[in-house]
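>>> Can you look at this prediction? I've put the sequence above it.
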Amino acid sequence: MKLPVLFKTSARYGAVSGTLAFILLIVSYYLGRHPMLVSPLLDFRILLFGIFTFFALREFRDYNQEGFLSFAQGMLGSLMVVFVSSVITSALLIAFGKWEDGFVAMFIRESIEYYKTFPKEDIERIGKETFQRNLDALPATNISRLAGIHFFQGSVIGFFISIIVSVILRQQPKT
């Protein structure tokens, strides 16, 4: 098993993916749509992780493994792409948030506006105390918390993408 090559290939694709994800976050922010308020189900990282993981594993499989890739190798490589990408994006997000004061302020303002549109039925389903606690906690939000949330969401999204891509690209030697 050629793990150092797998990690090197995955880290390279993860770095490009993380940088591109950060650029897309910034573009979204300056276009007036706060990127941290987009539903994780509609997140562009689903596409980014899928594409970059696919090409990283395919490169490893075709050029270093003579066409063979186990599920374990696929998962290791995929998770490495996701981890490197998420770390880079989160680190750049922290730097950007410290530089651009409006980033966190816009998140807080738009989140409060969103919370105020909740129907009474949803508030009762969540629980009035929980709803109010979340609303009261918004003004204390900082860039580190937003970056942590972004990292966590990316890890969850990436885990499921990793399983799918690893199964698709898996090829075992014929016995």
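The structure has been received and is ready for your questions.
>>> The most centrally placed residue in the chain: which element?
Residue closest to the mean C-alpha point of the chain, counted by Cα atoms, centre = their mean, is G154 at 2.3 Å. Using DSSP states H and E, G154 sits in helix 143-169.
>>> ditto for E129
Using DSSP H and E, the element containing E129 is helix 128-137.
>>> which secondary structure elements does that helix contact?
Using 3 or more Cβ pairs under 8 Å, 6 or more residues apart in numbering; DSSP states H and E, the elements in contact with helix 128-137 are helix 102-116. For every residue, glycine as well, the C-beta is placed using N, CA and C.
>>> Which residues belonging to the helix or strand containing S85 are considered buried?
Following DSSP H and E, one finds S85 within helix 71-99. Buried residues in helix 71-99, counted by 16 or more other Cβ atoms under 10 Å: 73-86, 88-90, 92-94, 96-97.
>>> tilt between it and helix 102-116?
Relative orientation of helix 71-99 versus helix 102-116 (axes from the mean of the first three to the mean of the last three Cα atoms, to 10 degrees): 100 degrees.
>>> okay, the angle between helix 71-99 and helix 143-169?
Using the same axes, to 10 degrees: helix 71-99 against helix 143-169 is 160 degrees.
>>> avg pLDDT for helix 71-99?
The average pLDDT within helix 71-99 is 95.
>>> so how far does stretch 118-135 reach from one end to the other?
11 Å (Cα to Cα, to the nearest Å).
>>> Where does pLDDT dip in this protein?
Residues of the chain meeting the criterion pLDDT under 70: 1-3, 172-175.
>>> what about L6, distance to L57?
9 Å (Cβ to Cβ, to the nearest Å).
>>> who has more neighbours, the two?
L57 (29 against 23; other Cβ atoms under 10 Å).
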